[in-house]
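Q: Task: produce atomic coordinates for the following.
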Amino acid sequence: GSASEGFSRANINASIQESLARFAPVAEAARARGVPVRGYVSCVVECPYDGAVAPGAVARVVAALRDMGCYEVSLGDTIGRGTPAAAQRMVDAVAERVPVERLAVHFHDTYGQALANILAVIERGIVAIDSSVAGLGGCPYADGASGNVASEDVLYMLDGLGIETGVNLSRLVAAGALICETLGRRSGSRVALAMAGGPE
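A: Here you go, the predicted structure:
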């Protein structure tokens, strides 16, 4: 779902309330079958249509997803315009309604702020981070939005902070290189490019 009306209508042709009404029976059916449900909220900082998104609006959508039975809700900076202070304000507002242990983050790196934002919300207690090998991904409904933050870059930062992840950086870089070669595109990971000897 989305925290902004404009993006909700552009992305799934429904208002926020209509989207939540659509999600409810899906979540209920999953719970009845013992299937865990993870929620996602897009445009938690800014929206390409509505501009800045109020932290309270994000908190309301996250709380609704929690009430549907989502074990965790990921907070997505869909267009990558978030800054550390804005990310912290948003997480603080959401954490007033949903425990931080049930939150994750999903930052795109359009403006080069993803790692700084991740570090900022780690300081607020976030421990679940969505990322994408080689920075693959993006949003077709947000002009100019680049891919997700690269898993290799996140892992390098976490390793530097002494945070144990159980992920092998060299193997992750190799996987990203294989995927990029298959897709015929350059990696979006600065760490992968540096480990490979720099950009071609």
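Q: Can you tell me the centre-most residue of the protein?
A: The residue lying closest to the centre of the chain (C-alpha atoms, centre = their mean) is residue 106, at 1.1 Å.
Q: And residue 173, which helix or strand is it part of?
A: If you go by DSSP states H and E, residue 173 is part of helix 169-183.
Q: Buried by neighbour count: which residues of the following helix or strand past that helix qualify?
A: Next along the chain after helix 169-183, taking DSSP H and E as the criterion, comes helix 190-195. By neighbour count on 16 or more other C-beta atoms under 10 Å, the buried set for helix 190-195 is 190-193, 195. The C-beta positions use only the backbone N, C-alpha and C, and glycine is treated the same way.
Q: for stretch 78-88, same thing?
A: Buried, per 16+ other C-beta under 10 Å, within stretch 78-88: 78-84, 86-88.
Q: Return the member of those nearest to residue 136.
A: Comparing those against residue 136 with C-beta to C-beta picks out residue 80 as the nearest, at 14.1 Å.
Q: Correct me if wrong, but that closest one is in a helix.
A: No - read with DSSP: H, G, I helix; E, B strand; the rest coil, residue 80 is coil and lies in no helix.
Q: And for it, nearest residue in space, chain neighbours not counted?
A: residue 110 (2.8 Å; C-beta to C-beta, 6 or more residues apart in numbering).
Q: surely that neighbour meets residue 81?
A: Yes - with contact defined as C-beta atoms under 8 Å, residue 110 and residue 81 form a contacting pair (6.7 Å).
Q: And residue 107, how far from residue 182?
A: 25 Å (C-beta to C-beta, to the nearest Å).
Q: of those two, who's got more company?
A: residue 107 (27 against 8; other C-beta atoms under 10 Å).
Q: now the more buried one, nearest residue through space, not along the chain?
A: Nearest to residue 107 is residue 114, by C-beta to C-beta, 6+ apart, at 4.0 Å.
Q: Could you give the number of residues near that neighbour?
A: 28.
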